[in-house]
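[1] kindly return the folded structure for what I paste below:
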Amino acid sequence: MISGFSDVLRGVQLLLGTQLIVVGLLHFFAKTNKARIWLAVLCLIHGSWFLKHVFYDDWSQHLVWFLLIGPGKPIFVGAILFFYYQSLTKPVTRQTKYIHLSIPASYYITLVVVRFFYGSHLSTNQDFWVSLSFSFWALLIFWFYFFLTKKEFRTALKKSLIPRAYQRARVLFFSLYFFLLQIPFWDMFDTLSKQGVLSAKLQWLQTAYDYFFVYAGHHASYVYIHFLGYFVFIYTLIELPYLKKYLLPKEIRVRNDFLKNKQLIESKVQQVFFEDKIFLNPDLTIEKCMSLLQVSRAALVQYLELEYQSTFKDFINKLRVDEVKRLIQDTAFTKYDLMGIASQAGFQSKSTFHRVFKKMEGLTPTEYKSKRDSRELTT
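    Residues are numbered from 1 along each chain as shown. So this is what the prediction gives:
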């Protein structure tokens with residue numbers, strides 16, 4: 001049973017690792033922009049992590065394989081993620097690359113030298129201190145890039161990306177660091193446990209580790225990395241130019257003309273939509289609104305998305321539905337039927353009116369009016 005499960009697991013890791021590497025290479029062949037190149041590198045690193053478990057006998061004996069799919073490469077994830085998020089808003093300078101690649105590179109080179117060339121010559125006590133040191137430094141590096149990248153989110157990404165792109169970036173960030181920040185911690189615990197340090201000094205902690213933390217922490221994290229691998233694969237796959245144009249908006253950054261003129265756009269929107277009620281015009285188009293507001297289509301679309309989390313069409317429909325609800329309560333319109341009120345609010349089609357009202361209110365116009373009338377009778 002265990003042998004069969006192990007074979008299945010190796011098959012999953014082989015498939016997942018291959019998928020990650022293929023989608024990463026596709027980005028290079030597709031000549032995608034610099035931001036997505038960093039994402040492609042992230043994919044290659046994750047792919048090598050899964051292949052490492054499949055081809056252990058190969059990389060543990062041959063230096064080339066050790067460098068290609070051997071351990072240690074996840075240490076670069078923090079820096080690569082930082083480059084990816086920074087490149088979404090501005091170019092990553094050469095100096096920034098040198099500085100932030102030198103930190104994980106120093107760790108990785110030391111790991112390769114120690115583990116591949118001297119690993120078999122280390123005594124049990126030496127191997128204990130080496131393993132503990134590598135886990136400790138990995139934890140420090142991951143925490144450093146966690147706070148550094150989180151700062152990038154607060155200072156640049158939030159105000160520069162449209163909400164949809166910003167939320168996707170945040171999900172990727174926290175999903176990855178949920179794994180990165182705990183793995184070195186569990187490796188340290190594992191090292192201490194195997195050496196007998198915990199059982200000798202802290203028996204209660206050893207017991208807790210043996211009966212709870214191994215399963216809730218180490219093993220659960222091992223399962224989580226497989227789901228995370230597929231998430232990274234799908235995230236990077238969607239970023240391919242062939243797919244992105246169908247699944248995501250072309251413009252993910254907030255336009256400069258919007259940032260410079262936000263207050264002016266806001267005052268014009270308030271005047272045109274909420275005071276003049278231009279939405280009452282059934283023939284209203286986005287072009288007419290652009291002309292009245294004197295803004296570009298992109299600036300208007302981004303304003304509505306950022307301030308109202310809405311498209312132009314949904315924004316207008318929401319204003320019209322709110323107007324219908326107001327007119328239903330107005331005694332001057334008691335003799336109007338629902339479609340008559342809807343036409344006063346800017347709706348032309350009965351079917352569109354019913355569909356939009358039901359979508360936004362969860363009730364048909366008739367159900368809404370009946371519910372409101374019954375509420376008035378009871379009061």
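[2] and for the protein, the residue most distant from the center?
    Of all residues in the chain, residue 335 sits farthest from the chain's C-alpha centroid, using Cα atoms, centre = their mean; the distance is 51.9 Å.
[3] could you confirm that one falls within a strand?
    No: counting by DSSP: H, G, I helix; E, B strand; the rest coil, residue 335 falls outside a strand, being coil.
[4] gap between it and residue 371?
    From residue 335 across to residue 371, the span is 21 Å (Cβ to Cβ, to the nearest Å). Backbone N, C-alpha and C define where each C-beta goes, glycine included.
[5] kindly report the same for residue 224.
    In terms of Cβ to Cβ, residue 224 sits 46 Å off from residue 371.
[6] of the two, who's got more company?
    Remark: of residue 224 and residue 371, residue 224 carries more neighbours, 15 against 11, as counted by other Cβ atoms under 10 Å.
[7] contact partners for that one?
    178-179 (Cβ atoms under 8 Å, 6 or more residues apart in numbering).
[8] what helix or strand is it located in?
    Secondary structure assignment for residue 224, by DSSP states H and E: helix 220-238.
[9] now do the buried residues in that helix.
    221, 225, 228-229, 232-233, 235-237 (16 or more other Cβ atoms under 10 Å).
[10] likewise for stretch 41-56?
    Across stretch 41-56, burial judged by 16+ other Cβ under 10 Å covers 41-52, 54-55.
[11] not counting whichever strand or helix holds residue 173 itself, show me its contacts.
    Assigned by DSSP H and E, residue 173 falls within helix 163-180. Helix 163-180 has contacts (Cβ under 8 Å, 6+ apart) with 74, 77-78, 81, 85, 88, 142, 146, 149-150, 153, 157-158, 161, 221, 224-225, 228, 231-232, 235, 248-249, 252-253, 305-306, 309.
[12] domain ranges for the chain?
    What the record gives for the chain is the domain set 2-247, 256-378, from automatic domain parsing.
[13] could I get the ones you listed in TSV, plus columns for mean pLDDT?
    Converted to TSV, the domains of the chain look like this (pLDDT from 0 to 100):
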stretch	mean pLDDT
domain 2-247	81
domain 256-378	82
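[14] all helices for the stretch 51-200 of the chain, in order.
    Ranges of helices in the stretch 51-200 of the chain, per DSSP state H, counting those that start in this stretch, are 56-59, 63-69, 77-87, 94-112, 124-152, 158-160, 163-180, 183-195, 197-201.
[15] wait, which of these is closest to residue 341?
    Smallest distance to residue 341 across those (Cβ to Cβ): 33.3 Å, for helix 163-180.
[16] now the closest one, how far from the chain's geometric center?
    3 Å (Cα atoms, centre = their mean, to the nearest Å).
[17] and what of stretch 23-37?
    Counting by Cα atoms, centre = their mean, stretch 23-37 is centred 18 Å from the centre of its parent chain.
[18] that stretch: end-to-end distance?
    Terminal residues of stretch 23-37 lie 11 Å apart, using Cα to Cα, to the nearest Å.
[19] over to stretch 348-368?
    OK, stretch 348-368 end separation, Cα to Cα: 20 Å.
[20] what are the buried residues along it?
    Of the residues in stretch 348-368, 353-354, 356-357, 365, 368 count as buried by neighbour count, 16+ other Cβ under 10 Å.
[21] who touches that stretch?
    Contact partners of stretch 348-368, identified using Cβ under 8 Å, 6+ apart, comprise 282, 317-318, 320-321, 324-325, 328, 338-339, 342, 347, 371.
[22] I'd say residue 132 and residue 191 touch.
    Yes: counting by Cβ atoms under 8 Å, residue 191 is a contact partner of residue 132 at 5.2 Å.
[23] follow-up on the earlier one: out of the contacts of stretch 348-368, what pair is the most spread apart?
    Within the contacts of stretch 348-368, 282 and 371 form the most distant pair, 26.9 Å apart (Cβ to Cβ).
[24] circling back to that earlier point, for the helix holding residue 224, the distance to its chain's centre please.
    12 Å.
[25] same check, this time on stretch 82-102
    19 Å.
[26] mind listing what's buried along that stretch?
    Here stretch 82-102 shows 82-89, 92, 100 as buried, counting by 16+ other Cβ under 10 Å.
[27] okay, how far is it across it, tip to tip?
    14 Å.
[28] ok, back up a step: which one of the helices of the stretch 51-200 of the chain is the most hemmed in?
    helix 77-87 (a mean of 23; mean count of other Cβ atoms under 10 Å).
[29] next, the angle from that helix to helix 94-112.
    Angle, helix 77-87 to helix 94-112, by axes from the mean of the first three to the mean of the last three Cα atoms, to 10 degrees: 170 degrees.
[30] so which elements touch helix 77-87?
    helix 34-54, helix 94-112, helix 124-152, helix 163-180 (3 or more Cβ pairs under 8 Å, 6 or more residues apart in numbering; DSSP states H and E).
[31] okay if I get these as TSV plus distance to residue 8?
    Output for the helices and strands packed on helix 77-87, formatted as TSV (distance: least, Cβ to Cβ, whole Å):
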stretch	distance to residue 8
helix 34-54	12
helix 94-112	30
helix 124-152	29
helix 163-180	22
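[32] among the ones you listed, which is nearest residue 19?
    Using Cβ to Cβ, those put helix 34-54 closest to residue 19, at 7.5 Å.
[33] now, among the buried residues of stretch 348-368, which is nearest to residue 288?
    Each of these was scored against residue 288 by Cβ to Cβ, and residue 356 proved nearest at 19.7 Å.
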